[in-house]
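1. Take a look and give me a structure for this.
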Amino acid sequence: MTIKLDWKESKLAPLVIAENKNEHVEYNAIFNEHSEELLKVAVQECIEKAVSFLPENVIDESRYFLFEWNIEHSTLAIVVTDDTKKNDAKFVVKCCMSALKAEINSIGSDLAKEEKALEYSDFIKYEIKDYLTTCSSFMQFSLVAVFHNNTRDKVDLL
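-> Predicted coordinates for the structure are as follows:
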């Protein structure tokens, strides 16, 4: 099964990113499905997009291939960053999983919403880890793959 995400490029000025003085180029896509099989394929395409930028993104100071899952907005961001996790590389990949956000927001109970959001976070994390184990393009680089769904200060090794 294949899908094609429609990537839109946007440049972010250095002033927009307080910690980092470099210009950033974001590639954004919106994915509006919520079947697990299609989500898996979308996550894989996001990883492939981010991996395609590794030759330009990786420098001597690069340490992490960081996967950030924003639970509130159901958005996956992928970036190369340094030891401090404050100096991101130029190219950033982001994908908003809008169908997941809509599904979570349609749940009545706050507790059930939180449980569903964490369930999707775990699913996304698992799919990233599963795909990276066979991604030969990623393995050509000496980066540590990490994931978080809250703060960069507390990441999980993938």
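2. Show me what the helix or strand harbouring Tyr64 packs onto, helices and strands only.
-> Secondary structure assignment for Tyr64, by DSSP states H and E: strand 62-70. Other helices and strands packing on strand 62-70, by 3 or more C-beta pairs under 8 Å, 6 or more residues apart in numbering; DSSP states H and E, are strand 75-82, helix 110-132, strand 144-148. Backbone N, C-alpha and C define where each C-beta goes, glycine included.
3. Report the contact partners of the spatially most central residue of the chain.
-> Taking C-alpha atoms, centre = their mean as the criterion, Ala77 is the residue nearest the geometric centre of the chain, at 2.9 Å. Taking C-beta atoms under 8 Å, 6 or more residues apart in numbering as the criterion, Ala77 is in contact with Phe67, Glu68, Asn70, Val92, Val93, Lys94.
4. so can I have TSV of the helices and strands packed on strand 62-70 showing mean pLDDT and distance to Ala42?
-> Below are the helices and strands packed on strand 62-70 laid out as TSV (pLDDT from 0 to 100; distance: least, C-beta to C-beta, whole Å):
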stretch	mean pLDDT	distance to Ala42
strand 75-82	97	9
helix 110-132	96	9
strand 144-148	97	16
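5. could these go into JSON lines alongside distance to Asp60?
-> Below are the helices and strands packed on strand 62-70 laid out as JSON lines (distance: least, C-beta to C-beta, whole Å):
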{"stretch": "strand 75-82", "distance to Asp60": "10"}
{"stretch": "helix 110-132", "distance to Asp60": "22"}
{"stretch": "strand 144-148", "distance to Asp60": "15"}
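6. Would you mind finding the most buried of these?
-> Mean neighbour counts were compared across those using mean count of other C-beta atoms under 10 Å; the top stretch is strand 75-82, at a mean of 22.
7. how close does the residue nearest to Ala145 when sequence neighbours are not counted get to Cys96?
-> With sequence-adjacent residues excluded and distances taken as C-beta to C-beta, 6 or more residues apart in numbering, Ala145 is closest to Leu158, at 4.0 Å. Counting by C-beta to C-beta, to the nearest Å, the gap from Leu158 to Cys96 is 21 Å.
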